[in-house]
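Visitor: dropping a prediction and its sequence here:
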Amino acid sequence: MIDLHSHILHQLDDGPESIDESRECLRILAEFGFEELIPTPHRFHMLYDPQPEDVADRVAEIGSLLIRRFSFEYMYAHDLVERQFDAFELSTTASGWKVLLVEFLPFMSRKNDIEQAVFSLNMKGIAPLIAHIERYSMPDEFWAELKRKYAVYYQISLKTLSNRFFDNKRNQIIRLLDAGLIDNAATDLHRLAKIQQIEQGLNYLHKKYSKQIARLFSLSFEG
Ligand SMILES: [Fe+2]
């Protein structure tokens with residue numbers, strides 16, 4: 001299993017404050033079955049914008065066999081497509097799309113905004129892997145339609161799946177998983193304190209969606 005979204009590198013963004021905490025997170029994630037993690041510090045964020053050199057320093061300092069490279073979680077803003085993207089894509093598809101992890105501003109909640117963003121990224125050869133899509137409260141049909149029209153992938157957060165009781169966002173994840181619309185599941189781990197939620201989300205997937213596990217934690221994206 002490969003994790004494609006975490007803030008597990010210390011002192012870069014809202015992740016761990018110490019290298020010891022980073023290492024402890026890695027140790028436990030390996031116990032959960034993760035064989036590789038591609039950390040994705042925030043990039044072009046209002047609060048955080050670590051430079052690739054700083055990220056590479058942290059990776060070297062931790063020296064974990066689980067971390068062989070890194071990428072970023074890019075905050076989409078209207079000027080994002082004019083920026084020079086770092087050459088740190090998660091993967092490239094068979095058709096040549098560069099897959100980047102992208103999140104939207106919390107207030108960017110209109111369908112048109114998201115569709116326009118995906119269109120603009122596609123024009124640059126980028127197929128966004130949209131982080132924690134349950135966060136945006138869009139109807140299921142919107143996500144289905146977007147996928148029919150554009151090169152776009154969807155990622156869910158294991159933490160949301162860990163919620164036990166009635167929860168709209170968790171229920172949406174389950175519906176989208178049933179519809180086969182989810183491409184990836186990720187820890188989005190920031191701090192050691194949340195690691196139990198990762199375990200609960202993972203256990204749920206193992207129990208109910210075991211056939212999808214290999215695909216949900218891989219780097220292969222179709223299209
Ligand atoms: Fe994140």
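Guide: Looks like it came in fine. Numbers count the residues shown, from 1 in each chain.

Visitor: what's the one helix or strand I174 maps to packed up against?
Guide: Using DSSP states H and E, I174 sits in helix 168-178. Packing partners of helix 168-178 (3 or more C-beta pairs under 8 Å, 6 or more residues apart in numbering; DSSP states H and E): helix 140-149, strand 153-157, helix 158-161. Placement of C-beta: from N, CA and C, glycine included.

Visitor: among those, which is nearest E31?
Guide: helix 158-161 (14.9 Å; C-beta to C-beta).

Visitor: the closest residue to D49 other than its chain neighbours: neighbouring residues, count only.
Guide: Spatial nearest neighbour of D49, excluding adjacent residues (C-beta to C-beta, 6 or more residues apart in numbering): R43 at 6.3 Å. Neighbours of R43 under the rule other C-beta atoms under 10 Å: 26.

Visitor: thought R43 was touching A77?
Guide: No: using C-beta atoms under 8 Å, R43 makes no contact with A77, being 11.3 Å away.

Visitor: and for the two, which residues touch both?
Guide: Listed as contacting both R43 and A77 by C-beta atoms under 8 Å, 6 or more residues apart in numbering is no residue at all.

Visitor: give the pairing partners of the strand of greatest length in the chain; include direction for each.
Guide: Identified as the longest strand of the chain according to DSSP state E is strand 98-104. Strand 98-104 sits in its sheet next to strand 73-76 (parallel), strand 91-92 (antiparallel), strand 126-130 (parallel), going by DSSP bridges.

Visitor: so does that strand get close to the ion?
Guide: No: Strand 98-104 lies apart from the ion when judged by C-beta under 5 Å from the ion; the minimum separation is 6.5 Å.

Visitor: tell me which residues of that strand are tucked away?
Guide: By neighbour count on 16 or more other C-beta atoms under 10 Å, the buried set for strand 98-104 is 98-104.
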